[in-house]
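Participant: sharing a model prediction with you, sequence too.
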Amino acid sequence: NNSIFMDKITLTIPKEVRMVTAVLQGAGFEAYLVGGCVRDHLMNRIPSDYDVTTNATPEEIITLFPKTFYENTYGTVGVVIGNEEVINGEGEAGNMSNTEKNIIEVTPYRLETGYSDARHPDKVSFSSKIEDDLKRRDFTVNAMAYDPIKDKLVDLYKGQADIETKTIRAVGDAGERFAEDGLRLIRAIRFATELGFTINIETQEAIIVSQETLGKIAKERIRDEFIKILMSDSPMTGIVMCQKLGLLKHMVHELEEGLHTKQNSAHSYDVFEHLLRSLQCAADKKFNLEMRLSALFHDIGKPKSRRFSAEKNDYTFYGHEVIGAEMAKKIMERLAFPRKTIDLVVTLVRWHMFFSDTDQITLSAVRRLVAKVGAENVWDLIDLRICDRIGMGRPKEEPYRLRMYESMVEQALQDPKIKASLDAAFKKVQQATTQGIQSHANKVVQGPVSQLISSQSQNIPNLQQNDVAVAQQATAATAAKILSQKIL
């Protein structure tokens with residue numbers, strides 16, 4: 001296979017990963033790193049995981065390592081790595097990133113035929129040639145293989161050149177690649193969004209032609225790619241690409257209702273662009289998934305609620321937050337989001353119109369709002385309002401009225417009754433900690449105490465429903481502070 005080597009290059013690979021390839025090669029087999037980890041190293045990014053491909057069969061792989069598991073029909077063997085599991089080897093220590101499971105997946109070179117479900121091959125057979133494995137890959141930037149022992153790169157489809165020009169291009173015939181796996185349609189956009197690349201024209205055209213294939217893909221798989229787009233640095237760009245290439249209507253068709261839906265004079269953009277700009281604001285501030293979903297969906301009910309008021313000579317959107325909350329719930333249930341995520345996003349969408357004249361609103365009204373959304377969520381509501389404002393085209397994030405409102409929320413959270421109830425709830429958590437769930441208590445430092453109590457309600461003796469309600473009055477910051485003082 002010497003004729004296929006395209007380049008000699010040295011990449012800094014974690015020693016445990018090098019050891020896996022060294023063991024395979026020491027037994028007379030070929031072994032390469034393949035896919036996204038090679039791409040990431042060439043781009044000076046830290047890979048999230050490492051995949052190895054080889055001409056060894058699963059049975060041969062298993063005999064070479066002390067601890068493995070093999071429970072699939074695609075030939076992939078999980079090799080458990082660590083200080084003791086992999087046989088001694090040499091190599092420079094690299095950064096293993098967040099490979100928490102300490103498993104390297106080793107897969108034989110594969111040939112795949114037939115994709116009746118547009119997702120999985122009907123038949124998998126093993127090959128002795130690395131070329132066969134690479135030609136079934138999705139995009140050129142993911143179709144490179146690297147030998148970390150010989151420092152040689154196999155690049156049959158000019159993946160390095162596409163990295164240089166920041167291009168996502170299908171391997172071979174794009175239509176064939178998308179027919180093999182419909183999820184690749186969204187993955188093309190996801191990779192372009194995450195990496196800051198563009199999709200080449202032929203691949204774009206194939207996405208448009210193949211868009212109906214998404215109907216065969218499980219909603220959970222679509223959700224996972226959708227989340228990765230949202231959690232990128234440029235989710236607005238990703239959603240725009242989904243819409244332009246015809247995929248958004250197969251993912252969240254409700255968003256397209258906002259296209260060309262003009263708003264009132266307070267807004268600079270139509271509903272669709274406003275939602276995307278609000279989402280981008282949440283991404284720019286590194287907000288979590290729930291906040292990004294809330295920003296994207298907060299005004300999704302506006303097209304259905306829009307009316308023209310002759311009296312105001314402008315559009316009105318009365319009740320759009322109620323309609324939007326119900327729409328967000330249906331969208332997220334359809335995409336099989338976790339119930340906790342759905343509940344939080346629906347709450348934020350439902351109450352995002354809390355903003356009113358601070359000269360007239362009372363402290364008791366603020367307390368009622370805190371009770372409705374939960375004290376642990378009230379600052380998310382404030383942050384959502386900031387994203388909403390930026391998405392309108394307003395230059396200032398926090399005008400005087402919003403700062404005044406924040407001050408009133410702070411006062412409401414200092415209510416002695418809430419503080420006393422919080423103290424009682426944390427004593428309950430402290431008791432549970434002494435009964436053997438210290439690890440769960442530790443988790444509270446990174447999130448609301450309600451997450452602990454809700455998830456462990458069956459494990460905490462004598463837990464009452466009102467304890468859960470009380471716990472939900474705590475902000476994440478308050479939970480961390482009190483726990484660190486009382487327990488940790």
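Facilitator: Done, it's in.

Participant: wait, residue 18 touches residue 147, no?
Facilitator: No. Distance between residue 18 and residue 147: 10.3 Å, which falls outside the contact criterion (C-beta atoms under 8 Å). All C-beta spots, glycine's among them, are computed from the backbone N, C-alpha and C.

Participant: more crowded one of the two?
Facilitator: In this comparison of residue 18 against residue 147, neighbours counted by other C-beta atoms under 10 Å, the higher total goes to residue 18 at 23 against 19.

Participant: host element of the more buried one?
Facilitator: Counting by DSSP states H and E, the secondary-structure element that holds residue 18 is helix 15-26.

Participant: what about the following helix or strand past that helix, average pLDDT?
Facilitator: The helix or strand immediately downstream of helix 15-26 is strand 31-34, counting by DSSP H and E. Averaging pLDDT along strand 31-34 gives 97.

Participant: how about the longest strand seen in the chain as CSV, C-alpha atoms only?
Facilitator: Among all segments of the chain classified by DSSP state E, the strand with the greatest residue count is strand 103-108. The C-alpha atoms that make up strand 103-108 are tabulated as CSV, following Å, rounded to 0.1, in the frame of the first residue of the first chain:
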residue,chain,number,x,y,z
ILE,A,103,-12.1,3.5,25.4
ILE,A,104,-10.6,3.5,21.9
GLU,A,105,-12.9,2.1,19.3
VAL,A,106,-11.0,-0.2,16.8
THR,A,107,-12.9,-1.2,13.7
PRO,A,108,-11.8,-3.4,10.8
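
Participant: elements contacting it?
Facilitator: Using 3 or more C-beta pairs under 8 Å, 6 or more residues apart in numbering; DSSP states H and E, the elements in contact with strand 103-108 are helix 15-26, strand 51-54, helix 58-64, strand 77-80.

Participant: got the CA coordinates for the helix or strand just after that strand in PDB?
Facilitator: On the C-terminal side of strand 103-108, the nearest following helix or strand under DSSP H and E is strand 110-113. Extracted as PDB, the C-alpha positions of strand 110-113 are listed here (Å, rounded to 0.1, in the frame of the first residue of the first chain):
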ATOM      1  CA  ARG A 110     -15.200  -2.100   6.100                       C
ATOM      2  CA  LEU A 111     -17.200  -2.500   2.900                       C
ATOM      3  CA  GLU A 112     -20.900  -1.600   3.100                       C
ATOM      4  CA  THR A 113     -23.700  -2.400   0.700                       C
END
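
Participant: tell me the helices and strands packed up against the helix holding residue 18.
Facilitator: Secondary structure elements in contact with helix 15-26, counted by 3+ C-beta pairs under 8 Å, 6+ apart, are strand 31-34, strand 51-54, helix 58-64, strand 103-108.

Participant: change it to 6 Å
Facilitator: On a contact count with 3 or more C-beta pairs under 6 Å, 6 or more residues apart in numbering; DSSP states H and E, helix 15-26 meets strand 31-34.

Participant: the strand it packs on pairs with which strands, parallel or anti?
Facilitator: Based on DSSP bridges, the strands next to strand 31-34 in the sheet, each with its direction, are strand 51-54 (antiparallel), strand 145-147 (antiparallel).

Participant: dump the ones you listed to JSON lines, plus distance to residue 354 and mean pLDDT.
Facilitator: Formatted as JSON lines, the entries for these read as follows, by distance: least, C-beta to C-beta, whole Å; pLDDT from 0 to 100:
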{"stretch": "strand 51-54", "distance to residue 354": "48", "mean pLDDT": "96"}
{"stretch": "strand 145-147", "distance to residue 354": "53", "mean pLDDT": "96"}
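
Participant: closest to residue 182 out of those?
Facilitator: Distances from residue 182 to each of the strands paired with strand 31-34 were compared using C-beta to C-beta; the shortest belongs to strand 51-54, at 21.7 Å.

Participant: out of the helices and strands packed on strand 103-108, flag the one nearest residue 280.
Facilitator: Each of the helices and strands packed on strand 103-108 was checked against residue 280 via C-beta to C-beta, and the shortest separation belongs to strand 51-54, namely 32.1 Å.

Participant: need the residues that contact that closest one.
Facilitator: Strand 51-54 is contacted by residues 20, 24, 29-32, 34-35, 104-107, 109, 133 when judged by C-beta atoms under 6 Å, 6 or more residues apart in numbering.

Participant: again, only using 7 Å
Facilitator: With contact meaning C-beta atoms under 7 Å, 6 or more residues apart in numbering, strand 51-54 is reached by 20-21, 24, 29-35, 37, 61, 104-109, 133, 145.

Participant: quick one: buried ones out of those?
Facilitator: If you count burial by 16 or more other C-beta atoms under 10 Å, the buried members of the contacts of strand 51-54 come out as 20-21, 24, 29-35, 37, 61, 104-109, 133, 145.

Participant: so where's the stretch 151-300 of the chain shaky on pLDDT?
Facilitator: 266 (pLDDT under 70).

Participant: all helices for it, in order.
Facilitator: Counting by DSSP state H, counting those that start in this stretch, residue ranges of the helices within the stretch 151-300 of the chain are 159-164, 174-180, 184-195, 201-210, 219-230, 235-244, 248-251, 271-284, 289-297.

Participant: in the last one, what counts as buried?
Facilitator: Taking 16+ other C-beta under 10 Å as the basis for neighbour counts, the residues of helix 289-297 that come out buried are 290-297.

Participant: do the same with the fifth one
Facilitator: Along helix 219-230, the positions that meet the burial threshold by neighbour count (16+ other C-beta under 10 Å) are 221-223, 225-230.

Participant: nearest to residue 137, of those residues?
Facilitator: residue 225 (17.1 Å).

Participant: now the closest one: how far from residue 247?
Facilitator: To residue 247, residue 225 is 10 Å away according to C-beta to C-beta, to the nearest Å.

Participant: residue ranges of the strands in the chain, please?
Facilitator: With DSSP E as the criterion, the chain has strands at 7-8, 31-34, 51-54, 68-69, 77-80, 103-108, 110-113, 123-126, 145-147, 152-154, 167-168, 198-199, 307-309, 314-316.

Participant: so which elements touch the last one?
Facilitator: Think strand 314-316. Under the contact criterion of 3 or more C-beta pairs under 7 Å, 6 or more residues apart in numbering; DSSP states H and E, strand 314-316 touches strand 307-309.

Participant: packing partners of the strand it packs on?
Facilitator: For strand 307-309, the helices and strands in contact under the criterion 3+ C-beta pairs under 7 Å, 6+ apart are strand 314-316.

Participant: neighbouring strands of the strand it packs on in the sheet, and parallel or not?
Facilitator: In the sheet, strand 314-316 lines up against strand 307-309 (antiparallel) (DSSP bridges).

Participant: residues touching the partner strand, excluding its own?
Facilitator: With C-beta under 7 Å, 6+ apart as the criterion, strand 307-309 contacts 315-316.

Participant: before we move on, what about stretch 143-162?
Facilitator: Counting by C-beta under 7 Å, 6+ apart, stretch 143-162 makes contact with 4-11, 13, 18, 21-22, 25, 32-34, 38-39, 42, 53, 130-131, 134, 137, 140-141, 169, 171, all of which sit outside it.

Participant: how far does it stretch from start to finish?
Facilitator: 11 Å (C-alpha to C-alpha, to the nearest Å).

Participant: mind listing what's buried in it?
Facilitator: Of all the residues in stretch 143-162, those buried under the rule 16+ other C-beta under 10 Å are 143-149, 152-160, 162.

Participant: sounds good, over and out.
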